[in-house]
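Enquirer: Generate a structure from the sequence data that follows.
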Amino acid sequence: MFGKKNDSNAGEKPGFVTRLRARLNRGDSWLSYDLANLAPGGTIDQDVLDDLEAELVMADVGVDTTSRIIAELQKSLARKELKDIAALRAGLHRTLTEILDPVAVPLNIPASESPFVILMVGVNGAGKTTTIGKLARRLQDQGHSVMLAAGDTFRAAAVEQLQVWGQRNNVPVISQQPGADPAAVIFDAYEAARSKNIDVLLADTAGRLQNQQGLMDELAKIKRVLARHDEEAPHETMLVLDASQGQNGMVQAEKFHTALGLTGLTVTKLDGTAKGGILLSIADKLKVPVRFIGIGEKAEDMQPFVASDYVDALLTDRSQKERD
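Expert: Next up, the predicted model:
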């Protein structure tokens, strides 16, 4: 479980779970703060569930997923199991965890694949290049050798940013001149990684808006070129998604998944947003494994996704958040 070792040690830097609780779903739509005020008399009835339904939609859980959650709580209400706000919170915790548990699947790098190719996709501004840098550091800490491919050849700044991360982590970066064919750049990096027995190749890609068919065609071409030389490559197609985009993020995820067949997600910028429910919507509809979540710019602010910790953070009451 991430972050637990620091949470109980007074005087040490707060662990990831503590920071997640403090930063997730901040603002007026704190779910548990609103939840505690839904039933001031302590009685749980259909009116309370109707109000909760509105709160879940506001937290960007999505209409369909919210309907599933409320339906489960209505069953408990009919069985007279929702006796008070504590029972309601427990029932909500159980239902949210059931939605998220199946997608809480860690990224596994098998020793048999070399190089293990991770194709990183996502729109500009989602934090894709920063995520690549953090992931490179994490993989190195796990004992893997890493190489980066600067496949976003349309933005010189993207190549420069990737090179900075490469220098910072002492990781080689394969790049070409601006405007080069991204598929050619990534294939060259694949060949270099294979010749040097590199364990993991992290390939950056352009991040133009997901509704531009040219971008999807370009990404599909990269996958085809890699597959011609290794039918399993890319071994992971990971979407980096900005949580603050809310339901727009859901639309992005659906389009990338339809075009490319996503195998993993990293959800960034969960700090300072009241939209933490978007992860529930994505998990419920797409069933794509969530590898990592991010709550800040530092390397330690990106950690593997653990469903129970995330639900705990979503449902932490206001007084606890203020203490954190």
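Enquirer: Helices of the stretch 101-250 of the chain, residue ranges please.
Expert: When secondary structure is read from DSSP state H, counting those that start in this stretch, the stretch 101-250 of the chain shows helices at 128-141, 156-169, 182-195, 213-229, 247-260.
Enquirer: Return the set of buried residues in the longest one.
Expert: In other words, helix 213-229. Buried residues in helix 213-229, counting neighbours by 16 or more other CB atoms under 10 Å, are found at Leu215, Met216, Glu218, Leu219, Ile222, Lys223, Val225, Leu226. For the C-beta atoms, the positions are set from N, CA and C on the backbone; glycine is no exception.
Enquirer: Quick check: mean pLDDT of that helix?
Expert: Helix 213-229 shows a mean pLDDT of 90.
Enquirer: re earlier: I'd like to know which of the helices of the stretch 101-250 of the chain lies nearest to Ile70.
Expert: Nearest to Ile70, of all the helices of the stretch 101-250 of the chain, is helix 247-260, at 17.9 Å by CB to CB.
Enquirer: Does anything pack onto that closest one? Which helices or strands?
Expert: Secondary structure elements in contact with helix 247-260, counted by 3 or more CB pairs under 8 Å, 6 or more residues apart in numbering; DSSP states H and E, are helix 213-229, strand 236-242, helix 278-286.
Enquirer: Name the surrounding residues that touch the last one.
Expert: I take that to be helix 278-286. With contact meaning CB atoms under 8 Å, 6 or more residues apart in numbering, helix 278-286 is reached by 60-62, 64-65, 68-69, 96, 99-100, 102-103, 241, 243, 245-247, 249-250, 253-254, 257, 262, 265, 267, 288, 290, 293, 310.
Enquirer: what's the neighbour count on Lys80?
Expert: Counted with other CB atoms under 10 Å, residues neighbouring Lys80 total 9.
Enquirer: again but with Gly151, I slipped
Expert: Close neighbours of Gly151, defined as other CB under 10 Å, add up to 32.
Enquirer: which ones are touching it?
Expert: For Gly151, the set of contacting residues under the criterion of CB under 8 Å, 6+ apart consists of Pro182, Val185, Ile186, Ala189, Ala203, Asp204, Thr205, Ala206, Ile222.
Enquirer: Nearest residue to the middle of the protein?
Expert: The centre of the chain sits closest to Val267, judged by CA atoms, centre = their mean, with a distance of 2.2 Å.
Enquirer: I'd guessed that residue sits against Ile293; true?
Expert: Yes. In this structure Val267 lies within contact range of Ile293 using CB atoms under 8 Å: 5.0 Å.
Enquirer: which residues do the two both contact?
Expert: Once CB under 8 Å, 6+ apart is applied, the residues that Val267 and Ile293 both contact turn out to be Leu279, Phe305.
Enquirer: how much space between Arg68 and Val61?
Expert: Arg68 sits 9 Å away from Val61, taking CB to CB, to the nearest Å as the criterion.
Enquirer: Return the residues in contact with Gly214.
Expert: Gly214 is in contact with Arg208, counting by CB under 8 Å, 6+ apart.
Enquirer: list the buried ones in stretch 169-179?
Expert: Buried residues in stretch 169-179, defined by neighbour count with 16+ other CB under 10 Å: Asn169, Val171, Val173, Ile174, Ser175, Gln176.
Enquirer: Done for today, thanks.
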